[in-house]
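Q: Have a look at this prediction, sequence included:
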Amino acid sequence: MNSRKRATIYDIAKELNISPSYVSKALSGHESVSESMRQRVREKAEQLNYKHNSRAANLRRGQSRTIGVVVPHINQSFFSDAISGIEEVCFAHNHSLVICQSHESYEKEGKAIETLIHQNVDCILISIAEETTSTDHLRQIAKNKIPIIQFDRCLDAFDSFKVVNDNKTVSYEAVRSLIREGYRSIAFLGGPTSVKAFQNRKEGFVAAIAEANLSIPYNFIVDNVLSRERGRQAVQPLLQLPNRPDAIFTVSDHQALGVMEAAAALGIAIPAQLGVFGFADEMFTQLVSPSLSSIDQHSVELGRKAAELYFQRIYQQDEMPETETVVIASEMRIRQSSRRQ
């Protein structure tokens, strides 16, 4: 036998001069096979280093016992924590994960979905890429009769189970906290407006500003600058204005990091001259100086809930149940970057 080829039940059958179906019955402990023959088959399987192909067996039963996960980045603690929550629930239900990252690219996201469909996964959990505005590739998943659960970043136009945060409420509270600290000229750095989560964070910002009767120049609101680099580039001209912002609320900690870099380069002191508030409570928020105020999205719980929706609402159902949106409450983490007083 080829040393690089994995042993199969056909190899065991050939060695023992019995049928493959008889080997299968012996390995599964079928009562029609004598104990002595079962023992012979087990010994031969061990000798050939045979490993049961559970994937093939599951596919024969119409299931892969595998869940596909697509996220923009696996090296951001928000997404890695969400994956950890998903994995915890899948492990408890004896399911495996196939994890793909889109790197914020619609094209890569589509290819990842294509791969997962070919892998015959039982369900796809997805947090969409920054570039994604079309629902075409999500419809392709549904066409292949694979359930979809969107989490964190969702396309509202596509009907599916969704797990999200209370983005509008917590953003409103974060901006109110900046106002309480005495900041009055607050700018906003946003994400792609096609994504509901970023729309809601912007709505929370606008609601807090309106309630406080503050006047914000139109150019203090900048959308589609999600990355650290684009956040830094967007805020640089604002910080050089004669009437520059005295605080900046961002929809991502990476943007906030770009803001802090721009402020440092211009000699603007945080929080005395500029308040900064992030979103997602990435690991670095407590390590930078000054420490960064942010929003804890309880990402492990968010991932856990997304996976639980599959096992509690969809798994082993003949028909797709009516979809629902689950909201996970977020929490503010007030640190040095927004404490002016």
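A: Arrived safely.
Q: Spell out the residue ranges of the strands in the chain.
A: Ranges of strands within the chain are 66-71, 96-101, 123-126, 148-151, 161-165, 186-189, 221-222, 247-250, 275-277, 294-296, 325-328, 331-333, based on DSSP state E.
Q: Format those as CSV; extra columns: distance to residue 83.
A: Any C-beta I mention is one placed from the backbone N, CA and C, and that applies to glycine too. Putting those into CSV (distance: least, Cβ to Cβ, whole Å) gives the following:
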stretch, distance to residue 83
strand 66-71, 6
strand 96-101, 6
strand 123-126, 9
strand 148-151, 11
strand 161-165, 13
strand 186-189, 26
strand 221-222, 30
strand 247-250, 23
strand 275-277, 26
strand 294-296, 17
strand 325-328, 15
strand 331-333, 21
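Q: Where does the prediction get shaky in the protein?
A: Scanning the chain for pLDDT under 70 picks out 1-5, 52-63.
Q: Show me it divided up by domain.
A: 9-52, 63-163+299-327, 167-297+332-338 (automatic domain parsing).
Q: Turn these into CSV, including mean neighbour count.
A: As requested, the domains of the chain are exported to CSV (neighbours: other Cβ atoms under 10 Å):
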stretch, mean neighbour count
domain 9-52, 15
domain 63-163+299-327, 19
domain 167-297+332-338, 20
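Q: for the strands of the chain, which one sits closest to residue 212?
A: For the strands of the chain, the distance to residue 212 is smallest for strand 186-189, at 9.2 Å, taking Cβ to Cβ.
Q: Within its sheet, name the partner strands of the closest one and how each one runs.
A: Strand 186-189 sits in its sheet next to strand 221-222 (parallel), strand 247-250 (parallel), going by DSSP bridges.
Q: Check what contacts stretch 235-243 and list those residues.
A: Stretch 235-243 is contacted by residues 185, 187, 189, 219-220, 222, 244-245, 248, 258-259, 262-263, 266, 268, 274 when judged by Cβ atoms under 8 Å, 6 or more residues apart in numbering.
Q: Just the ones in helices from those residues, please.
A: Secondary structure assignment by DSSP state H places 258-259, 262-263 of the contacts of stretch 235-243 in helices.
Q: Make CSV from those residues and add distance to residue 49 to it.
A: Shown next, in CSV, are these (distance: Cβ to Cβ, whole Å):
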residue, distance to residue 49
258, 52
259, 56
262, 58
263, 60
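Q: from these, which is closest to residue 117?
A: Nearest to residue 117 among these, with distances taken as Cβ to Cβ, is residue 258, at 36.2 Å.
Q: residues in contact with that closest one?
A: By Cβ under 8 Å, 6+ apart, the contact set of residue 258 is 227-233, 235.
Q: Contact partners for residue 319?
A: Going by Cβ under 8 Å, 6+ apart, the list of residues near residue 319 is empty.
Q: Going forward, the N-terminal residue is numbered 174.
A: Fine by me, first position is 174 from now on; the one you just mentioned is residue 492.
Q: Check the offset of stretch 423-431 from the chain's centre.
A: The chain centroid and the centroid of stretch 423-431 are separated by 17 Å under Cα atoms, centre = their mean, to the nearest Å.
Q: Keeping just the C-alphas, turn it into PDB.
A: Coordinates of each C-alpha in stretch 423-431 appear next as PDB, following Å, rounded to 0.1, in the frame of the first residue of the first chain:
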ATOM      1  CA  THR A 423     -15.500  56.400  16.100                       C
ATOM      2  CA  VAL A 424     -17.300  53.200  15.100                       C
ATOM      3  CA  SER A 425     -14.100  51.100  15.400                       C
ATOM      4  CA  ASP A 426     -11.100  51.000  17.800                       C
ATOM      5  CA  HIS A 427      -8.800  50.800  14.800                       C
ATOM      6  CA  GLN A 428     -10.100  54.200  13.600                       C
ATOM      7  CA  ALA A 429      -9.600  55.500  17.100                       C
ATOM      8  CA  LEU A 430      -6.000  54.300  17.000                       C
ATOM      9  CA  GLY A 431      -5.500  56.300  13.800                       C
END
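Q: show me where the chain has helices.
A: Applying DSSP H to the chain gives helices spanning 182-189, 193-200, 208-220, 227-233, 250-265, 279-291, 309-316, 340-353, 369-384, 401-412, 426-438, 472-482.
Q: Which of those helices sits closest to residue 298?
A: Closest approach to residue 298 among the helices of the chain (Cβ to Cβ): helix 472-482, 5.2 Å.
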